[in-house]
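Trainee: Mind folding the following:
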Amino acid sequence: MNSSSAAMTSTLNSLDSNIEQACDSCRIRKLKCSKELPACSKCIQYNRTCKYSPKTVRSPLTRSHLTQVEERARRLEQLISNILPNADIDKLLSKDTRHQNVLRSAPPAQQQQKESESKLQHRPVLPNDEVPDEADGFDWVEEELKGNELTDGMAALSLNPQGTGYFGQASSSVLLRALHVPPSWDLPLISEEDDATEYQIRAQLLSMTTTPVPKMISDTLVDAFFAYYNSSYPIIHEPTFRAQYEGLLPRPRSDVWELLYNAILALGSWCINHESSSADLIYYHQARSQLSSNILETGNLPLVQALTLLSNYVQKRNKPNTGWNYLGLAIRMALGLGLYREFPNWKSSPLKLEIRRRVWWTLYMFDAGAAVTFGRPINLPGPEIVDAKLPLNVNDTQLTAETETVPKEIDAPTIYSGIIYQSKFCLITNRIYNRLIAKPSPSAEESLEFNKTIEKFMSELPHYFQPTVYIDTYLQWPVLTKYRLLWRIKNFQIIIFRPFVLQHILLAGDKSTLSEAEIQARRICIQSARETIGLVTEFLTMFQHTSISVWYALYFLFQAALIPIICLSSEPGSEHAGEWLSDIQRTNETLLSLTNENQLAARFYDVIERLTKQYIHTDMSQASVNMRNEWMSDIYSLVFDEFSAANGGVNMPPPPPAMSQTMPQTMPPPMPRPNPTTMSSTMQPTMPRPMPPPIQ
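Mentor: Residues are numbered from 1 along each chain as shown. Have a look, this model is predicted:
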């Protein structure tokens, strides 16, 4: 026994001496690693997985290796000559004539057909996917309560594909990838204090296992949830939940209730404390502890609601893949409960049937939004399969448990208006999104047809959602509902047309190759980005901020701001350069004002500042021109694997007037903070009781 133990110790000591660098966890957090086996001291202390990855092996800079590479290149050239005997290899390697040479080597009839198709279908090629080195490189772990520092819930800074899951070409990070931002550029420094915070949270959890949440605190958090979150996403029927909460109605089975209850407390805490408190993480942990095999072997409506809330919460706490999994469970369970179907012969009350519809369409909207955010396929059945009716646009006072007939809808905003029109938007854009992520990518002409559908939808919005109509209310939720819908519409236009912005800047001096359709596509993308920046700035300037409104404002603002950065970096001498620079400056000012409310604001500001300094040159000397051309060559290899180009150039027509030019010249003064004591009893949702200091 002793000899065996000694042999094992000797083996571990031998392996210790061969460890070349710190473990992966310590290297990411820039901590001093003890380099011990089977785990270093830091990983043992904080209960992390300790893994020692080998150092990156680089190609040797030796004469023999160079000879091997030269020989391989010679053989490849010979192979190309055998396949294309009449082709000039040097011309094939030239980026600006690559597509023409391939056509030149084709038979005359085939070449004529390709030229005809090229004139009719101006199709950009989407960026290549960023992939890890190994097939299991997309594997991810988001076990820590505070989320993974390598990812963010908006998928905007998730540049490194290693260990973060797959984020596709429609995701928010595609533009930073196109700008050749290195994966480690935004990696935050994790200090010992952050590790200590995680340890303190876990210590608090131990003390809470037997101590219930004080009623005063839970009342406040429940109020905050309904005032700030459920008013935007009304997946919970407030009167029913409050009656269950007060013990006036039977609750779901205990584990399902605890899951739902703690999910609501976590979101309520996040809404009123922003990211300055860790209390919401404690409630999330309490909710997560209920996810046993027993609860996942059941299916009911409260469980669908709880999983949906958890999904949205963890995404906003920068755990996107975890949220994706929760959302998948909720969708499968909802399908199993038949929420997507109407059953005319049911004898249930109108309220029960309406709650089913509200849950389904909220879930529908969440899944469509998450798919676009992460660049992944939508998991939902198509409109030809779903026959569930959209929710009614009524106030909760019109439809209660005693209601026997379906009430008449009203022509005014309710907390269900946003779900109704966002769901309608998803129904028309899910098909478009599926086309965007398919191959080959849509042509400019096809994309413009998509845009006609979106413009028609926008023109048919009710008057209270129109951009130029001011909502005269002191409540937060109608304003946020309207602006978030407008932001989402503009964002989808950006996603449709941004490949043509990238294509245009990569063509540099060959602007004559742009068709009229491509020019119009680029113009719409730039204008949609400008309008988004204007709408976000307008909202944050005029109206009260909440955690949820700031999160969505940041999400849409950052994506929009990258468009003028790309344009200005490639065309600093353009007649529109001043407008682009103004858009960037407005974005930075807005981000600075939000740094105390959301940590991503500071990270976004830093990224935009560094991009501005790196790519925007006020002194366009020959050296800076060469530097820009070199960068454009690099970005070309990442973004496009084929395009047609020709000599000559045309001037870009000016974009349409800015959003601010179409808005009323005089805007109403900023709205006062809501006063719960002056609210009508018929207004919804219930406003929170006076808030105590943030729960630490």
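Trainee: For residue 265, which residues are in contact?
Mentor: Applying CB atoms under 8 Å, 6 or more residues apart in numbering to residue 265 gives the contacts 213, 218, 221-222, 225, 280, 283, 286. For glycine as for every other residue, the C-beta is placed from the backbone atoms N, C-alpha and C.
Trainee: Hmm, I typed the wrong one, I wanted residue 563.
Mentor: Per CB under 8 Å, 6+ apart, neighbours of residue 563: 175, 494, 498, 501, 525-526, 529.
Trainee: Looking at the residues you listed, which are in helices?
Mentor: 175, 494, 498, 501, 525-526, 529 (DSSP state H).
Trainee: filter the residues you listed to the buried ones?
Mentor: Neighbour-count burial (16 or more other CB atoms under 10 Å) is assigned, among these, to 175, 494, 498, 501, 525-526, 529.
Trainee: thinking again about what came up before, how about the contacts of residue 563, which pair is most distant?
Mentor: Farthest apart among the contacts of residue 563 by CB to CB are 175 and 526. That separation is 13.3 Å.
Trainee: Domains of this protein: list them as residue ranges, please.
Mentor: Per the record, the chain has its domains at 2-45, 67-109, by automatic domain parsing.
Trainee: where are the low-confidence patches of the stretch 501-650 of the chain?
Mentor: 504-512, 615-650 (pLDDT under 70).
Trainee: Give me the spatial nearest neighbour of residue 54, chain neighbours excluded.
Mentor: Of all residues not flanking residue 54 in the chain, residue 20 sits nearest, at 7.0 Å (CB to CB, 6 or more residues apart in numbering).
Trainee: Identify the residues contacting residue 236.
Mentor: Contacts of residue 236 (CB under 8 Å, 6+ apart): 226, 230, 264, 305, 309.
Trainee: Which of those fall in helices?
Mentor: 264, 305, 309.
Trainee: one step back: filter the contacts of residue 265 to the buried ones?
Mentor: 213, 218, 221-222, 225, 280, 283, 286.
Trainee: Redo the residues you listed as JSON lines? Include pLDDT.
Mentor: Compiled in JSON lines, the buried ones among the contacts of residue 265 are given as follows (pLDDT from 0 to 100):
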{"residue": "213", "pLDDT": "84"}
{"residue": "218", "pLDDT": "95"}
{"residue": "221", "pLDDT": "97"}
{"residue": "222", "pLDDT": "98"}
{"residue": "225", "pLDDT": "97"}
{"residue": "280", "pLDDT": "90"}
{"residue": "283", "pLDDT": "93"}
{"residue": "286", "pLDDT": "91"}
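Trainee: quick check, nearest of the residues you listed to residue 477?
Mentor: residue 225 (12.6 Å).
Trainee: In terms of distance to residue 39, which of the ones in helices among the contacts of residue 563 ranks first?
Mentor: residue 175 (38.8 Å).
Trainee: so where's the stretch 201-350 of the chain uncertain?
Mentor: Those would be 201-210, if you go by pLDDT under 70 across the stretch 201-350 of the chain.
Trainee: can we see that at 80?
Mentor: 201-212, 274-277 (pLDDT under 80).
Trainee: name the helices or strands packed onto the helix or strand hosting residue 503?
Mentor: Element membership for residue 503, per DSSP states H and E: helix 477-507. Contact analysis of helix 477-507 by 3 or more CB pairs under 8 Å, 6 or more residues apart in numbering; DSSP states H and E lists helix 174-178, helix 350-374, helix 417-436, helix 444-459, helix 516-542, helix 547-570, helix 622-639 as its packing neighbours.
Trainee: Adding distance to residue 577, write the ones you listed out as a markdown table.
Mentor: A markdown table is the format used below for those (distance: least, CB to CB, whole Å):
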| stretch | distance to residue 577 |
| --- | --- |
| helix 174-178 | 19 |
| helix 350-374 | 30 |
| helix 417-436 | 29 |
| helix 444-459 | 24 |
| helix 516-542 | 12 |
| helix 547-570 | 6 |
| helix 622-639 | 13 |
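Trainee: Out of the ones you listed, the one nearest residue 485 is which?
Mentor: Here helix 417-436 is closest among these (CB to CB), at 6.0 Å.
Trainee: contacts for that closest one?
Mentor: So helix 417-436 is contacted by 170, 232-234, 358, 361-362, 364-365, 368-369, 371-372, 377-378, 380, 382-383, 390-391, 393, 442, 446, 450, 453-454, 457, 461-462, 464-465, 478, 481, 484-485, 488-489, 492, 495-496 (CB under 8 Å, 6+ apart).
Trainee: filter those to the buried ones?
Mentor: Taking 16+ other CB under 10 Å as the criterion, what is buried in the contacts of helix 417-436 is 170, 232-234, 358, 361-362, 364-365, 368-369, 371-372, 378, 380, 390-391, 393, 442, 446, 450, 454, 457, 461, 464-465, 478, 481, 484-485, 488-489, 492, 495-496.
Trainee: Okay then, goodbye and thanks.
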